[in-house]
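Enquirer: pasting the sequence and the predicted model now:
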Amino acid sequence: MAASASSSPPAAPSAAAGFGGRSQTHLPPSPHLANFFVWREFVWGGIAGAFGEGMMHPVDTLKTRLQSQAIMTGTKAQKNIFQMVRTVWASDGLRGFYRGISPGVTGSLATGATYFGVIESTKTWLENANPNLSGHWSHFIAGAIGDTLGSFVYVPCEVMKQRMQVQGTQKSWALAAAKGSVSQTPGTQMYGYYNGMFHAGSSIWRDHGLKGLYAGYWSTLARDVPFAGLMVTFYEAMKDLTEYGKKKYLPNSDLDVSNSFEGLVLGGLAGGCSAYLTTPLDVIKTRLQVQGSTTRYNGWLDAITKTWTSEGVHGLFKGSVPRIIWYIPASAFTFMAVEFLRDHFNDKLDTDGRELATLSIEARSEVEEAA
């Protein structure tokens, strides 16, 4: 892939002699090659996002069930996290904790890809276009943009996932409906049992159309945009703080911490802090997406008002413990996976890319000499 002479200034010839005694000219990679180096961040992010969701899905199931109790069973006699663990295990067994994992992994794959891909491809552009924009603000904006783009796939997957999570197994869902323990408007049916991701998607589309699949979309953005911005900002800030601490307190130390381990620790801390601060937004989003045909809340503001009136600040932070428990390891695994993939594959891809560019340049030179 040859670099265009008009698109880049001529480079100084290398001192190292090439094949046949001819000096090699090392030029920067072509724009196409540079684009590939950016696009691989989308791949690493997608793999890492799916990995983190798959590892921590049972905890997410507990969080969803805790937050949706007001819709499913009313506001009275709500369970705590330990009671909910026993309830899920007794009624559904291990399968109950993994209900909805397919749409969960699919949505996290899309969000992880856009999140990390857009961060890497836009934060440098933002800093160059706006020199007065501080590094942390550019990280916040890039993270928010990346998560917003991923929301077009993530939100329908989140709706399907959460409805499947609250249902549990078919036997327990049918039993709950028969006992009348599912809170709903008289004369209406909440929604039928979903056998899988595609059945859930087609059923929601048939019953509610596009609006049903994107239920709670704006509340999801209201939660995820600040969460995504805060998480990458906290992560980059803690990386800077760690580097500053090494230089100040361990200037002559041979201590070498791998990027993967740093991503594991700092990613977990960044995810936990961001998760707690955005818990009220997550509660509102979950209740809007789970309610289905039993319209308890008429929009985002109505959900906030009714939750505050009936449950107070405790209701807005319901599920904060499993949310933090979920996000600390999920974020840790995600950032660790991204750093691991960068360390183990980027260098090889960079080397292969430079060799490819060099071979292309040599081939072009031979053609020019022959002409």
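Expert: Done, it's in.

Enquirer: can you give me the helices for the stretch 1-150 of the chain?
Expert: 31-67, 69-72, 81-92, 94-97, 101-129, 135-167 (DSSP state H, counting those that start in this stretch).

Enquirer: okay, and for the stretch 101-250 of the chain, where does confidence drop off?
Expert: Judged by pLDDT under 70, the stretch 101-250 of the chain has its weakly predicted residues at 123-124, 127, 131-135, 176-191.

Enquirer: how about 50 then?
Expert: Counting by pLDDT under 50, the stretch 101-250 of the chain contains low-confidence ranges at 184-188.

Enquirer: hmm, back to that, is it possible to get CSV of the helices of the stretch 1-150 of the chain that adds mean neighbour count?
Expert: C-betas here are computed from N, CA, C, even on glycine. As requested, the helices of the stretch 1-150 of the chain are arranged in CSV below (neighbours: other Cβ atoms under 10 Å):
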stretch, mean neighbour count
helix 31-67, 20
helix 69-72, 22
helix 81-92, 15
helix 94-97, 15
helix 101-129, 22
helix 135-167, 23
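
Enquirer: all helices for the stretch 151-300 of the chain, in order.
Expert: Taking DSSP H, counting those that start in this stretch as the criterion, the stretch 151-300 of the chain carries its helices at 170-179, 197-213, 217-249, 259-277, 279-290, 300-316.

Enquirer: contacts for stretch 216-231 next, please.
Expert: The contact list for stretch 216-231, computed with Cβ atoms under 8 Å, 6 or more residues apart in numbering, reads 115, 139-141, 143-144, 146-148, 151, 154-155, 158-159, 270-271, 273-275, 277-278, 281-282, 284-286, 288-289, 300, 303, 331.

Enquirer: circling back to that earlier point, out of the helices of the stretch 151-300 of the chain, flag the one nearest residue 95.
Expert: With respect to residue 95, and counting by Cβ to Cβ, the nearest of those is helix 170-179 at 10.0 Å.

Enquirer: still on that earlier bit, for residue 235, find the nearest of the helices of the stretch 1-150 of the chain.
Expert: Using Cβ to Cβ as the measure, helix 135-167 is the one of the helices of the stretch 1-150 of the chain that comes nearest residue 235, at 8.0 Å.

Enquirer: and the angle for the closest one with helix 101-129?
Expert: Taking axes from the mean of the first three to the mean of the last three Cα atoms, to 10 degrees, one finds helix 135-167 and helix 101-129 inclined to each other by 170 degrees.

Enquirer: tell me the angle helix 135-167 makes with helix 279-290.
Expert: Counting by the same axes, to 10 degrees, helix 135-167 lies at 40 degrees to helix 279-290.

Enquirer: wait, isn't residue 51 in contact with residue 334?
Expert: Yes: between residue 51 and residue 334 there is a contact at 6.9 Å, judged by Cβ atoms under 8 Å.

Enquirer: mind putting the helices of the stretch 1-150 of the chain into a markdown table with distance to residue 326?
Expert: A markdown table is the format used below for the helices of the stretch 1-150 of the chain (distance: least, Cβ to Cβ, whole Å):
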| stretch | distance to residue 326 |
| --- | --- |
| helix 31-67 | 4 |
| helix 69-72 | 17 |
| helix 81-92 | 11 |
| helix 94-97 | 12 |
| helix 101-129 | 11 |
| helix 135-167 | 12 |
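
Enquirer: which of those helices sits closest to residue 256?
Expert: If you check each of the helices of the stretch 1-150 of the chain against residue 256 by Cβ to Cβ, helix 31-67 wins as the nearest, at 22.2 Å.

Enquirer: what helices and strands are in contact with the closest one?
Expert: The elements that helix 31-67 packs onto, with contact taken as 3 or more Cβ pairs under 8 Å, 6 or more residues apart in numbering; DSSP states H and E, are helix 81-92, helix 94-97, helix 101-129, helix 135-167, helix 279-290, helix 320-341, helix 347-370.

Enquirer: can you give me how far that helix is from the chain middle?
Expert: Using Cα atoms, centre = their mean, to the nearest Å, we find the averaged C-alpha position of helix 31-67 to lie 5 Å away from the chain's own average C-alpha position.

Enquirer: now swap in stretch 224-241 and tell me
Expert: Averaged over its C-alpha atoms, stretch 224-241 has a centre that lies 13 Å from its chain's centre (Cα atoms, centre = their mean).

Enquirer: again with stretch 304-324
Expert: Relative to its parent chain, stretch 304-324 has a centroid offset of 23 Å by Cα atoms, centre = their mean.

Enquirer: can you list the residues that contact that stretch?
Expert: Contact partners of stretch 304-324, identified using Cβ under 8 Å, 6+ apart, comprise 59-60, 62-64, 66-67, 69-70, 75, 78, 81, 272, 275-276, 279-280, 282-284, 286-287, 296-297.

Enquirer: and for stretch 87-96?
Expert: Looking at stretch 87-96 with Cβ under 8 Å, 6+ apart, the contacting residues turn out to be 61, 62, 65, 79, 97, 99, 168, 169, 172, 175.

Enquirer: over to stretch 193-200?
Expert: Among residues not part of stretch 193-200, those counted as contacts by Cβ under 8 Å, 6+ apart are 102, 103, 106, 160, 163, 164, 167, 170, 173, 174, 203.

Enquirer: how about that stretch: buried residues?
Expert: Taking 16 or more other Cβ atoms under 10 Å as the neighbour-count basis, stretch 193-200 is seen to contain the buried residues 193, 194, 197, 200.

Enquirer: and residue 254, how many neighbours?
Expert: 5 (other Cβ atoms under 10 Å).

Enquirer: hang on, the earlier thing: closest one of the contacts of stretch 193-200 to residue 39?
Expert: Nearest to residue 39 out of the contacts of stretch 193-200 is residue 106 (Cβ to Cβ; 20.0 Å).
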